[in-house]
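1. quick one, fold the following:
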Amino acid sequence: MDKNNYVEFIVYGNFWIFRDVEYTPKDKIAEKVYMKSGQDDCGNHLIFCLFLDSKEIKGMDSKKVLERAKKIVEHALNIISFKYRAMLGRPIIREFFINGKRPQVTHEGRMVKESDFPKSYEELKQLAKELEENKQNPYITMYRNIMHIQDEVARFILLYSFLQIVIGQGKQKETDKFIRTTKWYDKTKDRKTTKNGKKHKETIFTWLRNSVAHTKSKFKVGDKTLKMSDIIDEIYYYIGTLEKIVKYAIEKNKLRKKE
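-> Numbers count the residues shown, from 1 in each chain. Okay, here's the model as predicted:
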């Protein structure tokens, strides 16, 4: 195996194998994959080490190499999760080398999503004040529980449903009406509804929610035909914005007045 070209992922979860597994994936970008179990302070995990084919990756962008390598691991996780009812997180990059050099890549944390951070000393002081007040709010508790879900599709669906609860509107038309009042709304992203016999437009968030819920394998968007894998990729892209919209809805509807 070429030790100058490899990528290693760690995946946390409740699955364990008693000995290492070696296999050859269908994607020829990797000559071999080695999978083994481990344990650290964060819990049980799986290690996937992919030895890359130097000829296959020659001239390929490092980001593309990483995408294909990650798909190999995701495929393995899908099979293991289904076969053994295992709870497995997202793959985290541990090591990545091409021709013996470490490319510039974005390493993903265990909770694979972007987060906001305090930007000033004053903001930290305000945070400390809020922590001291110890005010209990069930909507904030529910938001945190949803944000703890690692799977982006499940988190997206629950965030959307929770948004409807927060604004007190079960109808999607009213949910879209609220979304359109926020600063994150972009009307150029609206799409024709997937509902049969209807022609109205929905926000991208409602459209994606319905695309997952409706039993279709493909969707027509303009001149493009989107498969379910494309829908999931779009959910990965838009979920951060939906998180901000739900947070804003809680602040606007549930924190500015007494419950």
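
2. when you work out contacts or count neighbours from here on, use the C-alpha atoms and nothing else.
-> Will do.

3. can you list the weak-confidence ranges in the stretch 1-150 of the chain?
-> Along the stretch 1-150 of the chain, segments meeting pLDDT under 70 span 1-2, 104-117, 134.

4. just the strands in it please.
-> 6-12, 21-23, 30-40, 43-52, 92-97 (DSSP state E, counting those that start in this stretch).

5. helices or strands next to the longest one in the packing?
-> I take that to be strand 30-40. Packed against strand 30-40 by the contact rule (3 or more CA pairs under 8 Å, 6 or more residues apart in numbering; DSSP states H and E) you find strand 21-23, strand 43-52.

6. spatially central, which residue of the chain would that be?
-> The residue lying closest to the centre of the chain (CA atoms, centre = their mean) is Glu152, at 3.5 Å.

7. just to check, that residue is in contact with Ile235?
-> Yes: applying CA atoms under 8 Å, one finds Glu152 in contact with Ile235, separated by 7.2 Å.

8. for the stretch 51-200 of the chain, which segments count as helices?
-> 54-57, 62-84, 121-133, 138-147, 152-167, 172-179 (DSSP state H, counting those that start in this stretch).

9. what residues does stretch 195-215 touch?
-> Stretch 195-215 is contacted from outside by 156-157, 160, 172-173, 176, 179-180, 187, 189-194, 219, 228, 231, 234-235, 238, 242, using CA atoms under 8 Å, 6 or more residues apart in numbering.

10. show me how to select, in ChimeraX, the buried members of the residues you listed.
-> Command for ChimeraX that selects the buried part of the contacts of stretch 195-215, burial taken from 16 or more other CA atoms under 10 Å:
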select :156,157,160,172,176,179,190,191,192,193,194,231,235,238,242
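
11. one step back: tabulate the strands of the stretch 1-150 of the chain (a markdown table), appending mean neighbour count and distance to Ile72.
-> Output for those, formatted as a markdown table (neighbours: other CA atoms under 10 Å; distance: least, CA to CA, whole Å):
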| stretch | mean neighbour count | distance to Ile72 |
| --- | --- | --- |
| strand 6-12 | 23 | 11 |
| strand 21-23 | 12 | 11 |
| strand 30-40 | 17 | 9 |
| strand 43-52 | 21 | 9 |
| strand 92-97 | 18 | 13 |
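
12. make a markdown table from those and add distance to His148 to it.
-> Below are those laid out as a markdown table (distance: least, CA to CA, whole Å):
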| stretch | distance to His148 |
| --- | --- |
| strand 6-12 | 14 |
| strand 21-23 | 30 |
| strand 30-40 | 20 |
| strand 43-52 | 16 |
| strand 92-97 | 16 |
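
13. any idea how far the residue nearest to the centre of the chain is from Lys58?
-> 32 Å (CA to CA, to the nearest Å).

14. Asn145 too?
-> Counting by CA to CA - Asn145 and Lys58 are separated by 44 Å.

15. and for Ile47?
-> Per CA to CA, Ile47 is found 25 Å from Lys58.

16. Val21 now?
-> Taken as CA to CA, the span from Val21 to Lys58 is 27 Å.

17. now do the strands in the stretch 151-259 of the chain.
-> Assigned by DSSP E, counting those that start in this stretch, the strands in the stretch 151-259 of the chain fall at 191-192, 201-202, 218-221, 224-227.

18. ok, back up a step: quick one, which of the strands of the stretch 1-150 of the chain is nearest to Lys135?
-> The minimum distance between Lys135 and the strands of the stretch 1-150 of the chain falls on strand 43-52, with 31.6 Å, by CA to CA.

19. ok, the closest one: who's next to it in the sheet?
-> strand 6-12 (antiparallel), strand 30-40 (antiparallel) (DSSP bridges).
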